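Chemist: sharing a model prediction with you, sequence too.
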Amino acid sequence: MPRLKIGRRKAMILASAALFVVAAVSGGAFLLLSGGQELQYKTQGALRRALPVTAAAELHKHGVQLGAPLRCTDLPGWTKKKMRVSCTGTTADRKPVEVIGTGEQESSKNNYTILVGGRPVVENADCLGADCLNKDG
């Protein structure tokens with residue numbers, strides 16, 4: 001059987017190209033499996049500052065008017081990798097409102113739940129308000 005003769009330079013180019021293809025396929029597979037998600041708010045403070053605005057916009061979208069801006073605090077046990085925020089307030093007709101927002105660095109997932117009068121208006125959503133529009137665009 002005849003031997004295939006490839007110069008050292010061609011072998012290096014071929015190896016580099018093969019390595020590039022493997023890296024591209026691996027990166028694509030990772031994005032496909034991870035959903036390409038990235039946390040909207042990367043810190044506890046950013047989540048705490050954004051949540052009253054995004055939750056109010058989401059409530060407005062559901063026809064719920066707030067009596068005053070929501071007040072938000074950090075939930076006990078939050079860490080840099082597992083962010084937890086709770087907001088409270090009342091509707092214009094005096095029903096209690098509770099909002100819980102979370103973000104996990106490891107899974108790059110956000111989760112939001114909004115209760116009005118003890119009943120869920122939003123359950124386990126991955127975005128609220130204008131943040132949902134930004135995800136689509």
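Modeler: Received, thanks. Keep in mind it's a predicted model, so treat the numbers as computed, not measured.
Chemist: pull out the buried positions in stretch 98-107.
Modeler: Glu98, Val99, Ile100, Gly101, Thr102, Gly103 (16 or more other Cβ atoms under 10 Å). Glycine gets a C-beta too; all of them are placed from N, C-alpha and C.
Chemist: quick check: the first one vs Glu38, distance?
Modeler: Put plainly, it is Glu98. Using Cβ to Cβ, to the nearest Å, we find Glu98 at a distance of 27 Å from Glu38.
Chemist: what of the fifth one?
Modeler: Going from Thr102 to Glu38 by Cβ to Cβ gives 15 Å.
Chemist: do the same with the second one
Modeler: As defined by Cβ to Cβ, Val99 lies at a distance of 22 Å from Glu38.
Chemist: after the helix or strand hosting Thr113 comes which helix or strand?
Modeler: Per DSSP states H and E: Thr113 is located in strand 109-116. Using DSSP H and E, the helix or strand that follows strand 109-116 in sequence is strand 119-125.
Chemist: report all helices and strands that the helix or strand in which Ala56 is found contacts.
Modeler: Using DSSP H and E, Ala56 sits within helix 44-61. Secondary-structure packing of helix 44-61 (3 or more Cβ pairs under 8 Å, 6 or more residues apart in numbering; DSSP states H and E): strand 71-74, strand 82-90, strand 96-104, strand 109-116, strand 119-125, helix 130-136.
Chemist: list the buried ones in it?
Modeler: Gln44, Leu47, Arg48, Ala50, Leu51, Pro52, Thr54, Ala55, Ala56, Glu58, Leu59.
Chemist: so the closest residue to the second one other than its chain neighbours: helix, strand or coil?
Modeler: Read that as Leu47. Excluding the flanking residues, the one nearest Leu47 by Cβ to Cβ, 6 or more residues apart in numbering is Tyr41, at 4.1 Å. Classification of Tyr41 using DSSP: H, G, I helix; E, B strand; the rest coil returns coil.
Chemist: nothing else from me, thank you.
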